[in-house]
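>>> Kindly generate the corresponding structure for this input.
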Amino acid sequence: MARTPIENRIETSVQLTHPERVYWPDDGVSKQDLVDYYALAWPRMAPFVANRPLALLRCPDGIGGPRFFQKHAWKGINPHIIEIADPDDEESAKFLKIEDFDGLAALVQSATLEIHPWGTTTDHWEKPDMIIMDLDPGEDVRWAKVIKAALEIRERFTALGLTSFVKTSGGKGLHVVASLKPKAEWPQINDVAEAMAHAMSADSPEEYLSVASKAKRTGHIFIDYLRNGRGNTAVAPYSTRARPGATVSMPIAWEELNDKIGPASFTVKNAAARLGNSSADPWADFFKAASPLKA
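Down below sits the predicted model:
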């Protein structure tokens, strides 16, 4: 995959070993390609991953090899990946965060193919700055129904006085994310998300589930609210997924939400045009739009 010339490309001081190592073999996407993609995404991605506790999916041999989910440090960890103590339990194993693009490049060097941040920063650990609703459709659910569910969640957030944004998951569904002023604490956030999921399931039981029952998943969309508890995570905006196609969880505008864009439409290979300096950022006002959660 050729390196795309983009003005003002961000560079890193992190030395990549074996930059030619291929992480997505069927797509020919290498370690260097991944750093190049993130160099384009970083100006938009930074507020959603920097200074947040992270969970990482690492795949040292690419998507076809062993994979492991990590929240704590490993032997020989790059110094740009920073250990941080949990203020609620300073004796426990430390969490991880990054502060800048060097940190993101260090994650790539460490074979991190998915980045899952908490919905808060280390500046306000106990007060999230977002609510995340994950729409996970059964295999036989039409995409139009997933769009309908996302729009319904948007309406419910609006009724709560919250502005919401949408992104592809890079997998099967969509994530609808409401922007919050960090005032309410984790239990309140989780309660609101859970109540919304249960209400949607109760109102339209033929379409939605709020309980993760695989036996009942056929023909339904699981409204996964379980991303909103303390320590729970969701894949970051602009993060790649460790799936065939080198897909990306891509923020989109509500106006773009139609049958021409699917959950896996955006990839490392096709993202450059969307992330160029002259293109619009559909989540540019995410934090400006933040409102406090009403009691």
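>>> contacting residues for L135?
For L135, the contacting residues are 146, 149-150, 153, 169, 173-176, 221-224, by C-beta atoms under 8 Å, 6 or more residues apart in numbering. Placement of C-beta: from N, CA and C, glycine included.
>>> roughly how far apart are the residue nearest the centre of the chain and D27?
Central residue of the chain (C-alpha atoms, centre = their mean): A236, 2.1 Å from the mean position. Distance, A236 to D27, using C-beta to C-beta, to the nearest Å: 20 Å.
>>> P292 too?
Taking C-beta to C-beta as the measure, P292 falls 43 Å from D27.
>>> More neighbours: which of these two?
Between P292 and D27, counted using other C-beta atoms under 10 Å, the more crowded position is D27 (18 against 12).
>>> With adjacent residues omitted, what lies nearest to that one?
Leaving aside its sequence neighbours, D27 sits nearest to A246 (C-beta to C-beta, 6 or more residues apart in numbering; 4.7 Å).
>>> Phi, psi for that neighbour please.
With angles defined as degrees, to the nearest 10, A246 sits at phi 50, psi 50.
>>> Let me see the contact set for it.
For A246, the contact set (C-beta under 8 Å, 6+ apart) comprises 23-24, 27, 29, 240, 267-269.
>>> residues in contact with whichever strand or helix holds L151?
Assigned by DSSP states H and E, L151 belongs to helix 143-159. Applying C-beta under 8 Å, 6+ apart, the external contacts of helix 143-159 come out as 131, 133, 135, 137, 163-164, 166, 173-174, 176, 178, 196, 199-200, 207-208, 221, 223, 254, 257-259, 262-263.
>>> Let me know the next secondary structure element after that helix.
In N-to-C order, the element after helix 143-159 by DSSP H and E is strand 164-168.
>>> Pull out the buried residues from that next one.
164-168 (16 or more other C-beta atoms under 10 Å).
>>> nearest residue to K71 other than its sequence neighbours?
A55 (4.9 Å).
>>> And H124, by the same measure?
Closest residue in space to H124, ignoring its immediate chain neighbours: P182 at 4.3 Å, by C-beta to C-beta, 6+ apart.
>>> where's the one you found relative to A290, distance?
For P182, the distance to A290 (C-beta to C-beta) stands at 8 Å.
>>> try S169
S169 sits 23 Å away from A290, going by C-beta to C-beta.
>>> More neighbours: the two, which one.
S169 (21 against 17).
>>> Next, the contact list for that one, please.
134-135, 175, 235, 241, 249, 263.
>>> what about 6 Å?
Contact analysis of S169 by C-beta atoms under 6 Å, 6 or more residues apart in numbering lists 175, 249, 263.
>>> Next step: these restricted to strands.
Taking DSSP state E as the definition of strands, those contribute H175.
>>> ok, of the contacts of S169, which come out buried?
Using 16+ other C-beta under 10 Å as the burial test, the contacts of S169 include 175, 249, 263 as buried.
>>> How about I98: which residues does it bridge to?
I98 has the following beta-bridge partners by DSSP bridges: A50.
>>> Of all the residues in the helix or strand encompassing A202, which ones are buried?
Element membership for A202, per DSSP H and E: helix 186-203. Buried residues in helix 186-203, counted by 16+ other C-beta under 10 Å: 186, 189-190, 192-194, 196-197, 200-201.
>>> Direction included, what does the following helix or strand past it pair against?
Past helix 186-203, further along toward the C-terminus, the next helix or strand under DSSP H and E is strand 208-209. Partners of strand 208-209 in the sheet, by DSSP bridges, are strand 221-224 (parallel).
>>> any idea how far stretch 163-174 is from the chain center?
Here the centre of stretch 163-174 is set off from its chain's centre by 9 Å, with C-alpha atoms, centre = their mean, to the nearest Å.
>>> And stretch 219-239, by the same measure?
Here stretch 219-239 is found 9 Å from its chain centre; the criterion is C-alpha atoms, centre = their mean.
>>> Identify the residues contacting that stretch?
41, 45, 48-49, 55, 114-118, 131-132, 134-138, 140-141, 149, 167, 186, 189-190, 193-194, 197, 200, 208-210, 249, 251.
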